[in-house]
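J.: My questions concern the predicted model and sequence given below.
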Amino acid sequence: MTLSPKDLAQGVLKGNRRSVARLMTAIENEDPESRAAISQLYPHTGNAYIVGVTGPPGSGKSTLIGQLAKQYRKRKKKVGIIAVDPSSPFTGGALLGDRIRMQELSADEGVFVRSMATRGNLGGLARSTADLVNVLDAFGCDIIFVETVGAGQSEVDVIKLADAVMLVMAPGLGDDIQAIKAGIMEIGDIIAVNKADRENAERTMLEIREAIELDTEQKEWSPPIVKTIATSNEGVEELVEKLDEHRVFHMKAGLARTRIKGEIQLLEALKARLAETVMVGLRGDRDYETMIEKIASRQLNPYEAAATLVDKIVRKNQD
Amino acid sequence: MIATSLKTPSARVERKIRALVAKPGLDSHDRGAKVVARALRDAGMEVVYTGLRQTPEQIVEAAMQEDVDVLCLSILSGAHMTLFPRIIDLMKEKGLDDVLVIAGGVIPEEDISKLKDMGIAEIFGPGTPTRVTVDYVRNNLKRKS
């Protein structure tokens, strides 16, 4: 018996884990009813603290999240984890291996871990990551960690959905200095220097501290830098303390940040809706196909073509 | 053909197949499991791999959370007759009967029919071309979109 997304939403609110998993799939596959399901859940969201975890591959994000989850479990908090990995642009497939670092958590019913593939989305997250976070929020998670793909200048989707961004760096990954120069420091609310037992840990910390101090913009929150060794659970408690402090700050900053997130969510939804309207409007459209030929033979440029097509759709919708 | 995040008007929406490759028990290496995992990925599937030394409880919980269409069990230690029935039972308990379960690794001929009786759909022994496994999964999913 297949339950509809709306039924699954009811299951989520009742605390049914299988409903959570199934609804997440429906959302990822863009099941037409999933939007209605999210609408049902939306009023029940806003309670979870959302921590985006980003950083270069190999810095130990998954391991650190696993340890953080255990700390929160000690406090009897319900934990959600979404781990995003890249999809192959050629085959569309993905190897989702972040769970490997979180093995023990599978036995704990107070933790829900879901792996996602980016499915072509650039920016470090998948398109439906925000909705899956909403599902975990409505399900009752107190804290939700979202692990993103890598940490280049383009992996900034995470700032749109996180309440706190945790940047995980590690010494000796080769491009520390580059990352700092690229301004990636700007997005971190908390910085963990993991694998702190490695040789260049002190130097890495110093470079990060300098980069933060160079940031001339007056900030109310000064990102703390915490040394961790995730594999031996060192520094994790301190990291939790900093997350707690940030949460207090975030609540005081209150409406301002929530409003910004609200606007970002609206803009994202608008973009998706508009893109969808255009694509649906173009289905079976002869002009679309003709224009592709003309663009290929350089008789028409894509910008003109796009303008013409959008005008056509707007006019069509007005009738 | 590069997959894009924006669905073009002519593109078909294809449902992604999600798989879990799991190693129950105390195997010390996972070369075979990784080969299968990569083959499934190259065939366009989203493959969750949980690593070595998983208990049946961990595997089934992961299968449930990840809402997979197929569970691929890889075992080399010979403990399949103990571990597999436990896994199948847990799958039933958690309402995951519509998940295709296949297995591979070191599994003797004489155990295969017993395993199939208990719910393992097919066994793919060492040396099976990955193409065979991939095609089997594609053609035998219990859950349709």
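T.: Cool, got the structure. Residues are numbered from 1 along each chain as shown, chains lettered A, B, ... in the order given.
J.: mind showing which ranges of the chain have poor pLDDT?
T.: With no chain named, the answer covers chain A. A:1, A:151-155, A:174-185, A:214-219, A:254-256 (pLDDT under 70).
J.: meant chain B, my bad for not saying
T.: Using pLDDT under 70, chain B drops low at B:1-14, B:144-145.
J.: can you pull out the strands in it?
T.: Using DSSP state E, the strands of chain B run over residues B:18-22, B:46-49, B:70-75, B:100-105, B:122-124.
J.: so where do the helices sit in chain B?
T.: Ranges of helices within chain B are B:31-42, B:56-65, B:80-93, B:109-118, B:130-140, based on DSSP state H.
J.: now swap in the stretch 151-300 of chain A and tell me
T.: A:158-161, A:176-181, A:201-214, A:236-282, A:286-296 (DSSP state H, counting those that start in this stretch).
J.: Most tightly packed of these?
T.: Highest mean neighbour count among those (mean count of other CB atoms under 10 Å in any protein chain shown): helix A:158-161, with a mean of 21. C-beta coordinates here come from the backbone N, C-alpha and C atoms, glycine included.
J.: Tell me the helices and strands packed up against that one.
T.: Contacts defined by 3 or more CB pairs under 8 Å, 6 or more residues apart in numbering or on different chains; DSSP states H and E place helix A:158-161 against strand A:49-54, helix A:129-139, helix A:236-282.
J.: Could you pull up the contacting residues of residue B:24?
T.: B:54-56, B:59, B:73, B:75, B:79, B:83-84, B:87 (CB atoms under 8 Å, 6 or more residues apart in numbering or on different chains).
J.: let's see 6 Å
T.: B:54, B:56, B:59, B:83 (CB atoms under 6 Å, 6 or more residues apart in numbering or on different chains).
J.: Quick one, which of the strands of chain B gets closest to chain A.
T.: Distance to chain A, taken as CB to the nearest CB, is lowest for strand B:46-49 among these, at 4.6 Å.
J.: Next to chain B, which bits of chain A? Give me the list.
T.: Within chain A, the positions near chain B by CB under 6 Å from any CB of the partner chain are A:18, A:21-22, A:25, A:29, A:89, A:91-97, A:99-100, A:106-107, A:112-115, A:117, A:120-121, A:279, A:282-283.
J.: hmm, try it at 7 Å
T.: A:17-18, A:21-22, A:24-25, A:29-30, A:88-89, A:91-97, A:99-100, A:103, A:106-107, A:112-115, A:117, A:119-121, A:127, A:275, A:279, A:282-283, A:285, A:288 (CB under 7 Å from any CB of the partner chain).
J.: Which of those are buried? Put it as a PyMOL command.
T.: Applied in PyMOL, the following selects the buried portion of those according to 16 or more other CB atoms under 10 Å in any protein chain shown:
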select buried, chain A and resi 17+18+21+22+24+25+88+92+93+94+95+96+97+99+100+103+106+112+113+114+115+117+119+120+121+127+279+282+288
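J.: Mind checking which of the residues of chain A next to chain B land in strands?
T.: A:94-96, A:112-115, A:117.
J.: Which one of the strands of chain B lies nearest to residue A:228?
T.: When the strands of chain B are compared by CB to CB, strand B:46-49 sits nearest residue A:228, at 25.1 Å.
J.: Tell me the strands beside that closest one, with direction?
T.: Applying DSSP bridges, strand B:46-49 is found paired with strand A:94-96 (parallel), strand B:18-22 (parallel).
J.: Using PDB, list the CA coordinates for it.
T.: Extracted in PDB, the C-alpha atoms of strand B:46-49 (Å, rounded to 0.1, in the frame of the first residue of the first chain):
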ATOM      1  CA  GLU B  46      22.300   6.700  -5.600                       C
ATOM      2  CA  VAL B  47      24.300   4.200  -3.500                       C
ATOM      3  CA  VAL B  48      24.600   4.500   0.200                       C
ATOM      4  CA  TYR B  49      27.600   2.600   1.600                       C
END
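J.: Now find how far off-centre that strand is within its chain.
T.: 9 Å (CA atoms, centre = their mean, to the nearest Å).
J.: hang on, the earlier thing: could you dump the strands paired with strand B:46-49 into a markdown table with distance to residue B:37 added?
T.: Below are the strands paired with strand B:46-49 laid out as a markdown table (distance: least, CB to CB, whole Å):
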| stretch | distance to residue B:37 |
| --- | --- |
| strand A:94-96 | 6 |
| strand B:18-22 | 4 |
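J.: quick one on the thing from earlier: just put the strands of chain B in a markdown table and tack on mean neighbour count.
T.: Shown next, in a markdown table, are the strands of chain B (neighbours: other CB atoms under 10 Å in any protein chain shown):
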| stretch | mean neighbour count |
| --- | --- |
| strand B:18-22 | 27 |
| strand B:46-49 | 28 |
| strand B:70-75 | 25 |
| strand B:100-105 | 22 |
| strand B:122-124 | 20 |
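J.: Those into CSV, with extra columns for distance to residue B:93?
T.: Listed next are these as CSV, based on distance: least, CB to CB, whole Å:
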stretch, distance to residue B:93
strand B:18-22, 17
strand B:46-49, 20
strand B:70-75, 14
strand B:100-105, 14
strand B:122-124, 23
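J.: Which residue would you name as the spatial centre of chain B?
T.: residue B:72 (1.9 Å; CA atoms, centre = their mean).
J.: That residue reaches residue B:102, doesn't it?
T.: Yes. With contact defined as CB atoms under 7 Å, residue B:72 counts as touching residue B:102 (5.5 Å).
J.: pretty sure residue B:96 is touching residue B:66, no?
T.: No. Contact criterion CB under 7 Å: residue B:96 and residue B:66 do not qualify, at 10.9 Å.
J.: Give me the distance between residue A:248 and residue A:52.
T.: Computed as CB to CB, to the nearest Å, the residue A:248 to residue A:52 distance reads 18 Å.
J.: follow-up on the earlier one: now do the same contact list for the closest residue to the residue nearest to the centre of chain B other than its chain neighbours.
T.: Nearest non-adjacent residue to residue B:72, counting by CB to CB, 6 or more residues apart in numbering or on different chains: residue B:21, 4.7 Å away. Residues counted as contacts of residue B:21 (CB atoms under 7 Å, 6 or more residues apart in numbering or on different chains) are B:33, B:36-37, B:47, B:49, B:72, B:74.
J.: and which of these is nearest residue A:170?
T.: Nearest to residue A:170 among these, with distances taken as CB to CB, is residue B:49, at 22.5 Å.
J.: what sits opposite that closest one in the beta ladder?
T.: Residues in beta-bridge contact with residue B:49 (DSSP bridges): residue B:21.
J.: Repeat that for the one 5 residues further on.
T.: Applying DSSP bridges to residue B:54 yields these beta-bridge partners: residue B:24.
J.: Give me the neighbour count for it.
T.: Residue B:54 has 25 neighbours, counted by other CB atoms under 10 Å in any protein chain shown.
J.: again, but for residue A:300
T.: Around residue A:300 there are 16 residues (other CB under 10 Å).
J.: And it, how far from residue A:192?
T.: 51 Å.
J.: Then residue B:82?
T.: On the measure of CB to CB, residue B:82 and residue A:192 end up 41 Å apart.
J.: More neighbours: which of these two?
T.: residue A:192 (30 against 12).
J.: give the contact list for that one.
T.: A:64, A:166, A:168, A:226, A:228, A:239.
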